[in-house]
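In: Attaching a predicted model along with its sequence, questions to come.
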Amino acid sequence: MPPSPGSSAARALEQLLFPAECLLCRALLPFDRSPDLVCLLCRHRWRPVVPPWCERCGHPEPLFGRCRVCADWPAALRCARSAVWLDAAARRAVHALKYGGLPRMADDLAAAAARVTLPIPDGHAAVLVPVPLGPRRQRTRGYNQSALLARGLGARWGHPVAELLVRTRETVTQTTLTPASRLANVAGAFAMRNGECGMRNELSAVDSAFRIPNSTLILVDDVFTTGATLGAAAQALEAAGARSVMAVTFGRATIPDFTS
């Protein structure tokens with residue numbers, strides 16, 4: 001339903017009295033961009049993640065040997081890509097979404113993540129699956145930032161969103177953990193939302209609430225650091241029958257230190 005003239009006038013008056021500004025650089029936003037939280041200049045300053053990279057996990061190509069980032073991923077997790085490097089400006093945007101009580105920021109991040117290209121096979125349907133929060137953290141935050149990102153991507157890519165996964169236990173924040181600790185922290189932390197919501201990639205007479213012949217499931221999260229969370233989430237989907245899982249995130253942290 002289109003807005004009424006009165007609501008447009010009210011919005012114009014609000015913009016005149018309380019002009020919108022970019023959350024990152026504090027520049028005033030033009031009227032037609034007033035719903036945004038990040039101006040176009042700051043968005044252009046986000047550094048895109050570009051090749052050369054590991055074809056599977058999207059990290060810069062290893063100098064020798066196999067990539068250690070994705071070496072232990074479940075077989076179903078075939079590809080992960082991120083939109084931008086998580087430098088200071090991109091990190092501020094993520095923190096505003098996760099900790100600043102600004103769920104609208106998800107749309108700005110989804111607009112950037114929508115530029116990512118995933119190698120979805122021809123003829124495969126695609127379903128976006130947000131990485132879930134634990135119940136306690138979601139109650140505190142009031143929303144799951146990954147679910148908001150998934151909806152923003154779904155609107156842009158034309159793919160449905162299905163919240164298939166739940167956290168089976170609360171996990172501590174990953175921010176200060178070493179790569180090994182991250183793996184232990186999220187190991188076995190995900191499961192299908194409903195035990196009867198089995199997935200079947202093969203044609204079968206088995207009753208299933210969500211049957212996905214020739215489907216690709218795309219995990220959605222805000223940040224990729226070591227890939228531990230995405231690997232654990234993909235493992236739960238694989239255990240339920242998924243054969244093709246991919247992942248997309250807005251931010252990509254710098255190369256993790258695997259010597260710790």
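Out: Received the coordinates, thanks. Bear in mind that the values here come from a model prediction, so they are computed numbers and not experimental data. Residues are numbered from 1 along each chain as shown.

In: List the buried residues of stretch 26-42.
Out: 29, 34, 36-39, 42 (16 or more other Cβ atoms under 10 Å). (Glycine included, C-beta is placed from N, CA and C.)

In: residue ranges with poor pLDDT in the stretch 1-150 of the chain?
Out: Within the stretch 1-150 of the chain, the stretches with pLDDT under 70 are 1-19, 62-64.

In: all helices for it, in order.
Out: 5-17, 40-45, 88-98, 105-113, 135-141, 145-157 (DSSP state H, counting those that start in this stretch).

In: Looking at these, which is nearest to residue 72?
Out: Closest approach to residue 72 among these (Cβ to Cβ): helix 145-157, 22.4 Å.

In: if we can go back for a sec, now the helices of the stretch 1-150 of the chain as TSV including distance to residue 54?
Out: Converted to TSV, the helices of the stretch 1-150 of the chain look like this (distance: least, Cβ to Cβ, whole Å):
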stretch	distance to residue 54
helix 5-17	45
helix 40-45	26
helix 88-98	21
helix 105-113	19
helix 135-141	30
helix 145-157	22
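
In: before we move on, back to that, just the buried residues of stretch 26-42 now: which is nearest residue 165?
Out: residue 37 (27.6 Å).

In: How much space separates the closest one from residue 146?
Out: Here residue 37 is placed at a distance of 18 Å from residue 146 (Cβ to Cβ, to the nearest Å).

In: again, but for residue 125
Out: Applying Cβ to Cβ to residue 125 and residue 146 gives a distance of 21 Å.

In: ditto for residue 69
Out: 20 Å.

In: What of residue 48?
Out: For residue 48, the distance to residue 146 - Cβ to Cβ - is 21 Å.

In: so what strands line up beside whichever helix or strand residue 222 is part of?
Out: In this structure, residue 222 sits in strand 215-224 according to DSSP states H and E. The strands beside strand 215-224 in its sheet (DSSP bridges) come out as strand 125-130 (parallel), strand 245-252 (parallel).

In: What segments of the stretch 151-260 of the chain are helices?
Out: 179-186, 228-239.
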